[in-house]
Each structure stands twice: as C-alpha cells, then as structure tokens.
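Asks: prediction below, plus the sequence it came from.
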Amino acid sequence: MGMDMRTKLKAITQAKGWKNQGEVAEFFHVKQSTASRWLSGKMIPEKHAPQIDRTFQELFGGIDLPERVREKFNKLSSEEQRKLVIAFEAMIDAITR
C-alpha cells in the first residue's frame, strides 16, 4: 500500500522547512483553510494529488515507507519530524558523495 497524501504532505512540509499551513497553501495555490483540512486529514487533496506526488518524488526519490515506519513518523512531534528529515538528508548526502 502506498503512502497516503496526508503523510506525504507532512513529509513535504518538514523537508521544505515550512512552519505553517499558509506556506503549504501558497505552494499548492489553495486557501489556507484547504491546506489545514489536508494536513488534519479532514479532506483528501484529490485534485492536487499529482502535484503532491511530483513534489514528494522530487524531494524523496519516491521512497515508499512501510506502514510501521509511517506510523512511528506520524507519532513524532513536528520538531522531531523536522530533525529526522534533516538527518535523513545528511545520510543521503554522505552516501552519495
């Protein structure tokens, strides 16, 4: 099973260092209330799914994390998620040098 859109949006938000829903809304050209519903899981961003998928692919190379890893990631605070993304990027940089 692939990663759900909410998880992808959270990962994109962390990777880009966005601090609020307004930055998500601006990037995807939607209202802040729409971005809020996406991030809370109250609305599925069907119309924007292709753009979210493309952005995720560009940032993470299409990583499809196992369900157990996604569950653990989602339990982390925003700050812990941000630190994990930074550490992950550093690992990739170290491997690809």
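Replies: Received it, and whenever you're ready, just let me know what you need.
Asks: distance of Phe60 relative to Ser36?
Replies: When distance is defined by C-beta to C-beta, to the nearest Å, Phe60 is 23 Å away from Ser36. Heads up, the C-betas are built off the backbone N, CA and C, glycines and all.
Asks: now do the helix ranked longest in the chain: everything it contacts.
Replies: Scanning the chain for the helix with the most residues, using DSSP state H, yields helix 78-95. Residues outside helix 78-95 that contact it (C-beta atoms under 8 Å, 6 or more residues apart in numbering): Lys10, Ala11, Gln14, Ala15, Gly17, Phe73, Leu76.
Asks: now do the fifth one, the pLDDT please.
Replies: This means Gly17. Among the per-residue scores, Gly17 shows a pLDDT of 89.
Asks: for the nearest residue to it once chain neighbours are set aside, give its distance to Lys31.
Replies: Counting by C-beta to C-beta, 6 or more residues apart in numbering, Arg82 is the residue found nearest to Gly17 once chain neighbours are left out, at 7.2 Å. According to C-beta to C-beta, Arg82 stands 24 Å off from Lys31.
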